[in-house]
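Peer 1: sequence-free structure coming up:
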DNA sequence: TAAGGTACTTACATGGAAGTTAGTGCCTCG
DNA sequence: CGAGGCACTAACTTCCATGTAAGTACCTTA
């Protein structure tokens, strides 16, 4: 689908809620958006969308993340009800992380976004367009 | 749709590209993702998804943005080929901003994400669910 | 004994995103 | 004449997300 030279018409209709003002400053949705669009939040959510994973798996899959940021990101996502933490009282310790129903809902929206970023990254960075 | 207590199976299949490592550190897609998931980037893209708009319109719609951040965000999005800048040599100056084809593609993915954030914000912040 | 893995926490440092303030040039309106 | 809107730019500051480094407690393997 192509957009002509003068795309005055929106491609997608937004809910009436956003008709003016996108949404108010200080609105909870801003906070939520910040959480889920944070640098590592997206990556962790993405990784977990493929199923339950352990701490060390996540470290490897979200390449470049520090242990501190991993712990912090997981904590935020858990507080937000997006990630489930399942600590098993075994030796050595085993903790499994997985998405909650809400987390799956979100990751379903994130996956196409990340895929798009991946597909268009080179063109964008190289100024081809 | 509900997810049972042990959701070992992914809800969505990811492209094979992400099968391991999400995607490499230092990869261009990380940069692109940072641009499009930036605090104000999302809001501007959202606002423009409803059609061409002027500087002062955008200031009002992305409530809370400073002029500096507006200029900076628009510049980044323009460099990334997502926003088109149309300066008309009239008096008083009139500059229209609109999405490019690529920008529309992206906004189509962003809209459901923001809508989701908006719908779930209260529950998430209040720890319900 | 020592090294290494698992799952973290804590303290401190820093860089870049974001905020603040001010200034520009040109025009219109009262 | 002065106030004010438009579309910015520039300088300076602040703050927080992220990075770095190290420590913890327990267990396994060599």
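Peer 2: That came through, no problem. In this text, all values refer to a predicted model and were calculated from it rather than measured experimentally.

Peer 1: report the central residue of chain A.
Peer 2: residue A:42 (2.8 Å; CA atoms, centre = their mean).

Peer 1: tell me the contacts of the closest residue to that one other than its chain neighbours?
Peer 2: Distances taken as CB to CB, 6 or more residues apart in numbering or on different chains place residue A:110 nearest to residue A:42, at 6.0 Å, with adjacent residues excluded. Placement of C-beta: from N, CA and C, glycine included. Applying CB atoms under 8 Å, 6 or more residues apart in numbering or on different chains to residue A:110 gives the contacts A:36, A:42, A:45-46, A:49, B:113.

Peer 1: max pairwise distance over those: which two?
Peer 2: Spanning the widest gap among these are A:49 and B:113, at 14.1 Å by CB to CB.

Peer 1: these two: which is more packed in?
Peer 2: Taking other CB atoms under 10 Å in any protein chain shown, residue A:49 and residue B:113 do not tie; residue A:49 has more neighbours (23 against 20).

Peer 1: so the more buried one sits against residue A:112, correct?
Peer 2: No: using CB atoms under 8 Å as the test, residue A:49 is too far from residue A:112 to be in contact (11.5 Å).

Peer 1: hey, what's in contact with both of the two?
Peer 2: Shared contacts of residue A:49 and residue A:112 (CB under 8 Å, 6+ apart): none.

Peer 1: list the helices and strands the helix or strand of chain A with the lowest mean pLDDT packs on?
Peer 2: Lowest on mean pLDDT, DSSP states H and E among the helices and strands of chain A sits helix A:28-36, with a mean of 88. Helices and strands touching helix A:28-36, by 3 or more CB pairs under 8 Å, 6 or more residues apart in numbering or on different chains; DSSP states H and E, are helix A:39-48, helix B:101-125.

Peer 1: so for DNA strand C, which of the ones you listed sits nearest?
Peer 2: Each of these was scored for nearness to DNA strand C using CB to the nearest atom of the strand, and the closest is helix A:39-48 (9.6 Å).

Peer 1: is DNA strand C contacted by the closest one?
Peer 2: No: between helix A:39-48 and DNA strand C, judged by CB under 7 Å from any atom of the strand, nothing touches; the nearest distance is 9.6 Å.

Peer 1: now that helix: buried residues?
Peer 2: Within helix A:39-48, the residues that count as buried by 16 or more other CB atoms under 10 Å in any protein chain shown are A:40-48.

Peer 1: distance to residue A:85 added to the residues you listed, as JSON lines?
Peer 2: Converted to JSON lines, these look like this (distance: CB to CB, whole Å):
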{"residue": "A:40", "distance to residue A:85": "16"}
{"residue": "A:41", "distance to residue A:85": "15"}
{"residue": "A:42", "distance to residue A:85": "19"}
{"residue": "A:43", "distance to residue A:85": "17"}
{"residue": "A:44", "distance to residue A:85": "12"}
{"residue": "A:45", "distance to residue A:85": "14"}
{"residue": "A:46", "distance to residue A:85": "18"}
{"residue": "A:47", "distance to residue A:85": "15"}
{"residue": "A:48", "distance to residue A:85": "11"}
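
Peer 1: thought the residue nearest to the centre of chain A was touching residue B:37?
Peer 2: Yes: contact criterion CB under 8 Å: residue A:42 and residue B:37 qualify, at 6.6 Å.

Peer 1: and chain A, which residues reach DNA strand C?
Peer 2: Checking chain A against DNA strand C by CB under 7 Å from any atom of the strand, the hits are A:54-56, A:67-68, A:71, A:75, A:85, A:87, A:92-95.

Peer 1: for residue A:48, which non-adjacent residue is spatially closest?
Peer 2: Spatial nearest neighbour of residue A:48, chain neighbours left out: residue A:99 (4.9 Å); criterion: CB to CB, 6+ apart.
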